[in-house]
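Novice: I need the structure of the sequence given here:
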Amino acid sequence: MQKQDYMALAAELGSLLKLQSPALAITFSGTAPSAVPVYEGDRPSPTADGRTGKVSAGCVFWMKAANRTFTTVPEDHGNCSVGSLTHGLKTLEEVTDKGDIAALLAAGWVSEAIFPKIPVVKTRPQYITYGPLAETPLVPDVVLLRINAKEAMVLAEALADLRFEGKPQCHIIPMAKEETQVAISVGCMLSRVRTALPNTEMTCAIPGGRLMEVIEGLRQSGAADEAVAVYASEDARRFR
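Specialist: Presented below is the predicted three-dimensional model:
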């Protein structure tokens, strides 16, 4: 698709769902995308186990990308072992001895048995590019939405195979990329604290290749929802 197509698709997606935050494009690549600036920022001194990055976790890039497009390298994501795992930047063997994993296990937040089951990006990317869908210069692997409960309801009505997921929040990215699965995450405490995602919001990952299918589903279900809303509003007047 051309850039102008994504601009139109982003506008329609925002209109159909009444999005309060712009849809994001996330693209994994083996070479540096041309004319896309790198994410600027310093990496703090590493922890005792060697972890550091330009942000505290890869999910923080979702918030940074609401207004601008940038590309990142694996080292930028290195502070969060969970995100490094889900995004294919590190293997399970490379993160099991990290301090943040130990903290999650000690808190009882997850068990060791869950880690081999977490979806991951299969091919290690050299670059991950983030930015508003409307201005993406690349074909996105994943379209990420920040949504509320009503918007989740509308998506559930439009898509028969929509999945609802829990922690870790970032595993819906490989679900969309590798399994072509549209997935909503109710979020996780690790990500909510690091991103300051509002309590009223959750996230949805759409495979880039299914974006038109999702929009078409929203068009069809939206017409039915509008008709039901008119009926319910008129019927409710009897009780005022």
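
Novice: just say helix, strand or coil for the residue positioned nearest the centre of the chain.
Specialist: Nearest to the geometric centre of the chain sits residue 144, at 4.2 Å (CA atoms, centre = their mean). With DSSP: H, G, I helix; E, B strand; the rest coil as the basis, residue 144 sits in strand.

Novice: pretty sure it is touching residue 173, no?
Specialist: Yes. At 7.5 Å, residue 144 counts as touching residue 173 under the criterion of CB atoms under 8 Å. (Each C-beta comes from the backbone N, C-alpha and C, glycine too.)

Novice: list the contacts of residue 94.
Specialist: Residues in contact with residue 94, defined by CB atoms under 8 Å, 6 or more residues apart in numbering, are residue 84.

Novice: a helix runs through it, doesn't it?
Specialist: Yes. Per three-state DSSP, residue 94 lies within a helix segment.

Novice: what pLDDT is listed against it?
Specialist: With respect to pLDDT, residue 94 scores 96.

Novice: distance check, it against residue 78.
Specialist: 11 Å (CB to CB, to the nearest Å).

Novice: return every residue with contacts to both of those two.
Specialist: Joint contacts of residue 94 and residue 78 (CB under 8 Å, 6+ apart) are residue 84.

Novice: all strands of the chain, in order?
Specialist: 24-29, 70-72, 127-132, 142-147, 163-165, 183-185, 202-207 (DSSP state E).

Novice: most tightly surrounded among the ones you listed?
Specialist: strand 202-207 (a mean of 25; mean count of other CB atoms under 10 Å).

Novice: got a list of what the residue nearest to the centre of the chain touches?
Specialist: 23-26, 62, 173, 203-206.

Novice: repeat that for residue 173.
Specialist: Residue 173 neighbours (CB under 8 Å, 6+ apart): 26, 86-87, 121, 142, 144, 205.

Novice: residues near the residue lying closest to residue 122 once chain neighbours are set aside, how many?
Specialist: Spatially, and ignoring its direct neighbours in sequence, residue 122 is nearest to residue 178 (5.7 Å; CB to CB, 6 or more residues apart in numbering). Neighbour count for residue 178, taken as other CB atoms under 10 Å: 16.

Novice: ok, the closest residue to residue 23 other than its chain neighbours to residue 80 distance?
Specialist: Spatial nearest neighbour of residue 23, excluding adjacent residues (CB to CB, 6+ apart): residue 133 at 4.1 Å. Per CB to CB, residue 133 is found 24 Å from residue 80.
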